[in-house]
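*Asks:* Make a model of this:
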Amino acid sequence: MMIQRKKSGLLSLLLVLALLAGCAPAAETPPPGPIPSQSVSTPAPTPEPTPPPAPEPVDFHEFLDGVNAARKAIVDQKGHIDISAYTPDFREQNNTFTEEEMELLTTERKFLESLPLEDALEDVDTFFRLLQTTYGAYYYFGGDEVFLPIRDAVKEELTAISIPSTKNQNETQYLSEAPGRILYKHLSPVLLDGHFMIGQYAPRDTFSTYMYYVPDLYRDSVEGAENPGYLKPTIGPDGRICYWYAALSHDGSDLPDTLDGISLQWQEAQWASSDNAAPAFSESEWEGIPILTSRRMSAGWENADADEQALQRLADCGGEYADSPLLIFDVRGNPGGNDLYIMKWFEGWAGTKAAPRRAFSLRYSQLSCSKFLNGYPAEYMGTFSHYISPGEWAEHSGPVFVLQDKGTASSGETAVEFFRTAADTLFVGGPTLGCALTPNNVNLYLPHSGLQCYFGTGLTFCETDENLDGVGYLPDLWVEPTRAMELTQKLIEFYGLNQPQ
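*Replies:* Numbers count the residues shown, from 1 in each chain. All right, here's what the predicted structure looks like:
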């Protein structure tokens, strides 16, 4: 019984365990392993290319050193400028005019509204006789061989367009401007002279070139440019030296529409006109930097006394700025006058006389030696004076910024010529007018019409024997001239030139 009870208990235990085992969830079948295959790697994303580092700004002092070297090389050229072929003796002309004729030719009078054909033709003859005997560049532009055929063509055209007189049907007459207009038409291709005027007509209007530029388009260098000649150094909006598209053109029609794959929208540079209401010379400063402003080298009509005092101040104050570590000299819109003021200023500032490489001749004509014009010594009559300067470099420490534009002419350009002989000088703005070939200009009046003729009695070249009239002296930094002051100040700030060194 005991044994049976024991067996019965064991059997019961086994039955319970069996029942429990039947209620347990079945063991999960492990998922099948991956099917073996050739592994394919997923390509890593291509990283964005690292942009090249921004180029270093043009080093100001390296740029200045390069300008110094180029300009000093001009001054240091061997030999001198030879203009002897254009300045022969002409004593055979010493008795061309009578006293009465010279007095009439030098006397301003009313401009006639009309005149007979005979008088018009006589005026044309007198005009060419004045050129032949008195004009400083007569031989430079070809002499009789060039000018006498032009005289004949002008007279022929005047005769061909003659009209009957309203007073006398047997006479012909002209509006008095007709000879001037026809002279201008025939002479403009020959007279590349920035000073020359025939009445209201200036031949330079037909050949002068002007600055054109593409605004707001800058490059860090000229490397890789399709035509580097169209890229000029400039001052960017932040004040750094960079490059932009700029060029000289008479009217812009010859400039390229595209360069370097870029459409170019050329714009003509603005320039200052002479302002007689402004002081001839004034002094100011910006952040301790002296600013000298020279608007003309002669007294204006409106404030003649004040201008005389201002010009005398210009002549006297050069030495006061000799030690200025920075200087801005503004000659924008300066049409000229008398060189004497800037000559004295430069000598005081540089400690030596300005000595550009130059050839200068003055024609001692019968008119120039007469009491009616210049009164030069009679013993020189029929000859040219000669002055030759081999050029001398003026050492100076500290940047000078000269602001210039197309309104800078004659004695205004003399200031530019002087500064081009001084170390550490940069010219900012646009080209000057180009009005320097014939100095010592005079007004003469044709006997019948009273037509005013204005031309030089001298001949001069500076730096080379190239005639720059109508082109002018080019800037080192080409900027819109009306912004030259603003951008020069930005450059000074960008390069820290006004900070203690």
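
*Asks:* Mind telling me what element His186 is part of?
*Replies:* According to DSSP states H and E, His186 maps onto helix 177-187.

*Asks:* where along the protein do the helices fall?
*Replies:* 2-23, 60-75, 99-105, 117-134, 144-160, 177-187, 204-207, 304-316, 340-350, 411-419, 484-494 (DSSP state H).

*Asks:* So which of the ones you listed is nearest Met297?
*Replies:* Smallest distance to Met297 across those (C-beta to C-beta): 4.0 Å, for helix 411-419. Backbone N, C-alpha and C define where each C-beta goes, glycine included.

*Asks:* I'd guessed Tyr210 sits against Ala247; true?
*Replies:* No - with contact defined as C-beta atoms under 8 Å, Tyr210 does not count as touching Ala247 (9.8 Å).

*Asks:* coming back round to it: let me know which of the helices of the chain is tucked in deepest.
*Replies:* Of these, the one with the most neighbours on average (mean count of other C-beta atoms under 10 Å) is helix 411-419, at a mean of 26.

*Asks:* ok, Tyr445 - contacts?
*Replies:* Tyr445 makes contact with 104-109, 451-453, according to C-beta atoms under 8 Å, 6 or more residues apart in numbering.

*Asks:* Among those residues, name the least confidently predicted one.
*Replies:* Lowest-confidence member of these: Arg109, scoring 88 (pLDDT).

*Asks:* burial measure for it, as a count.
*Replies:* Neighbours of Arg109 under the rule other C-beta atoms under 10 Å: 11.

*Asks:* Relative to Ser370, how far out is the nearest residue to it once chain neighbours are set aside?
*Replies:* Spatially, and ignoring its direct neighbours in sequence, Arg109 is nearest to Gly450 (4.8 Å; C-beta to C-beta, 6 or more residues apart in numbering). Gly450 sits 19 Å away from Ser370, going by C-beta to C-beta, to the nearest Å.

*Asks:* for Gln489, same thing?
*Replies:* Per C-beta to C-beta, Gln489 is found 51 Å from Ser370.

*Asks:* With Gly351 instead?
*Replies:* For Gly351 relative to Ser370 (C-beta to C-beta), the value is 40 Å.

*Asks:* How about Leu158?
*Replies:* 29 Å.

*Asks:* ok, the nearest residue to Cys435 once chain neighbours are set aside - how many residues close by?
*Replies:* Distances taken as C-beta to C-beta, 6+ apart place Gly194 nearest to Cys435, at 3.3 Å, with adjacent residues excluded. Other residues within reach of Gly194, judged by other C-beta under 10 Å, total 27.

*Asks:* can I assume Gly194 is in contact with Arg204?
*Replies:* Yes - Gly194 lies in contact with Arg204 (C-beta under 8 Å); the separation is 4.9 Å.

*Asks:* any residues in contact with both of those two?
*Replies:* Here Gly194 and Arg204 share the contacting residues 433-435, 469-470, scored by C-beta under 8 Å, 6+ apart.

*Asks:* Tell me the one of the residues you listed nearest Ala178?
*Replies:* Ranked by distance to Ala178 (C-beta to C-beta), the shared contacts of Gly194 and Arg204 are led by Gly470 at 25.7 Å.

*Asks:* what about the closest one, how many neighbours?
*Replies:* Residues near Gly470, counting by other C-beta under 10 Å, number 23.

*Asks:* who's in contact with it?
*Replies:* Counting by C-beta under 8 Å, 6+ apart, Gly470 makes contact with 192, 194, 204, 207-209, 433-434.

*Asks:* among those residues, which two are most distant?
*Replies:* The most widely separated members of the contacts of Gly470, counting by C-beta to C-beta, are Leu192 and Leu433 (12.9 Å).

*Asks:* Name the residue in those two with the higher neighbour count.
*Replies:* Neighbours were counted for Leu192 and for Leu433 using other C-beta under 10 Å; Leu433 has more, 29 against 22.

*Asks:* Now do the contacts for the more buried one.
*Replies:* Contacts of Leu433 by C-beta under 8 Å, 6+ apart are 194, 204, 208, 406-409, 413, 470, 472.

*Asks:* which non-adjacent residue is nearest it?
*Replies:* Spatial nearest neighbour of Leu433, chain neighbours left out: Ala409 (3.9 Å); criterion: C-beta to C-beta, 6+ apart.

*Asks:* I'd assumed Leu437 was in contact with the one you found.
*Replies:* No - Ala409 is beyond contact range of Leu437, at 11.6 Å (criterion: C-beta under 8 Å).

*Asks:* Give the intersection of the neighbour lists for the two.
*Replies:* Gly194.

*Asks:* What count of nearby residues applies to the residue nearest to Leu433?
*Replies:* Using other C-beta under 10 Å, the number of residues around Ala409 comes to 25.

*Asks:* what's the spacing between it and Ile74?
*Replies:* For Ala409, the distance to Ile74 (C-beta to C-beta) stands at 21 Å.

*Asks:* quick revisit: closest one of the contacts of Leu433 to Ser274?
*Replies:* Using C-beta to C-beta, Gly407 is the member of these that lies nearest Ser274, at 6.7 Å.

*Asks:* how about that closest one, what does it touch?
*Replies:* Listed by C-beta under 8 Å, 6+ apart, the contact set of Gly407 reads 271-274, 332-335, 433.

*Asks:* Give me the buried subset of these.
*Replies:* For the contacts of Gly407, a burial check counting by 16 or more other C-beta atoms under 10 Å picks out 271-272, 332-335, 433.

*Asks:* May I ask which of those comes out lowest in pLDDT?
*Replies:* Ala272 (80).

*Asks:* okay but that one is in contact with Asp405, surely?
*Replies:* Yes - counting by C-beta under 8 Å, Ala272 touches Asp405, with 5.8 Å between them.

*Asks:* Report the set of residues contacting both of these two.
*Replies:* Shared contacts of Ala272 and Asp405, counting by C-beta under 8 Å, 6+ apart, come down to 332-333, 481.

*Asks:* any weak-confidence spans in the stretch 201-350 of the chain?
*Replies:* For the stretch 201-350 of the chain, applying pLDDT under 70 flags no range at all.

*Asks:* residue boundaries of the strands in it?
*Replies:* 210-219, 231-235, 241-249, 258-259, 262-263, 267-268, 281-286, 289-294, 327-330 (DSSP state E, counting those that start in this stretch).

*Asks:* want to try JSON lines for these, with mean neighbour count and distance to Lys344 as columns?
*Replies:* Shown next, in JSON lines, are the strands of the stretch 201-350 of the chain (neighbours: other C-beta atoms under 10 Å; distance: least, C-beta to C-beta, whole Å):
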{"stretch": "strand 210-219", "mean neighbour count": "18", "distance to Lys344": "31"}
{"stretch": "strand 231-235", "mean neighbour count": "22", "distance to Lys344": "31"}
{"stretch": "strand 241-249", "mean neighbour count": "20", "distance to Lys344": "33"}
{"stretch": "strand 258-259", "mean neighbour count": "13", "distance to Lys344": "46"}
{"stretch": "strand 262-263", "mean neighbour count": "11", "distance to Lys344": "48"}
{"stretch": "strand 267-268", "mean neighbour count": "14", "distance to Lys344": "36"}
{"stretch": "strand 281-286", "mean neighbour count": "15", "distance to Lys344": "12"}
{"stretch": "strand 289-294", "mean neighbour count": "20", "distance to Lys344": "13"}
{"stretch": "strand 327-330", "mean neighbour count": "23", "distance to Lys344": "15"}
